[in-house]
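Q: heads up, no residue letters with this:
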């Protein structure tokens, strides 16, 4: 069964930024683009580097380790060397809090 977990206040993730959160054993990044929130695995599928410290370009994030690019909307690889997608999570804002479904 999946449930929403509060990770922080809405202002914790600014426009055009990504921030990492730990939910149990899962490292999850939340990004805000054009006011909408996106949640995705904070671990690159190529060499396990942290994605939230990479560059956000629209709905894509690049890994600062080797340049892989992923869609934060679908998890799809948009640029190698990664070949496997990253996990995507449902995310919402409720009562001024960011919540991720895990």
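A: Alright, I've got the coordinates. Since the model is a prediction, treat every value here as computed from it, not as a measurement.
Q: would you agree residue 19 is in contact with residue 37?
A: No: using CB atoms under 8 Å, residue 19 makes no contact with residue 37, being 10.6 Å away. The C-beta positions use only the backbone N, C-alpha and C, and glycine is treated the same way.
Q: now do the shared contacts for those two.
A: Residues within reach of residue 19 and of residue 37 at once, by CB atoms under 8 Å, 6 or more residues apart in numbering, are 13, 30-31.
Q: in TSV: those residues, plus pLDDT, distance to residue 92 and secondary structure.
A: Formatted as TSV, those follow (pLDDT from 0 to 100; distance: CB to CB, whole Å; DSSP: H, G, I helix; E, B strand; the rest coil):
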residue	pLDDT	distance to residue 92	secondary structure
13	98	13	coil
30	98	11	strand
31	98	14	strand
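Q: format those as CSV; extra columns: neighbour count and distance to residue 49.
A: As requested, those are arranged in CSV below (neighbours: other CB atoms under 10 Å; distance: CB to CB, whole Å):
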residue, neighbour count, distance to residue 49
13, 24, 20
30, 25, 18
31, 24, 16
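Q: so where's this protein uncertain?
A: 1 (pLDDT under 70).
Q: quick check: bridge partners of the residue lying closest to residue 57 once chain neighbours are set aside?
A: Counting by CB to CB, 6 or more residues apart in numbering, residue 57 lies nearest to residue 69, which is 7.9 Å off, once chain neighbours are set aside. Following DSSP bridges, residue 69 is listed with bridge partners residue 62, residue 79.
Q: please consider this matter closed, and thank you.
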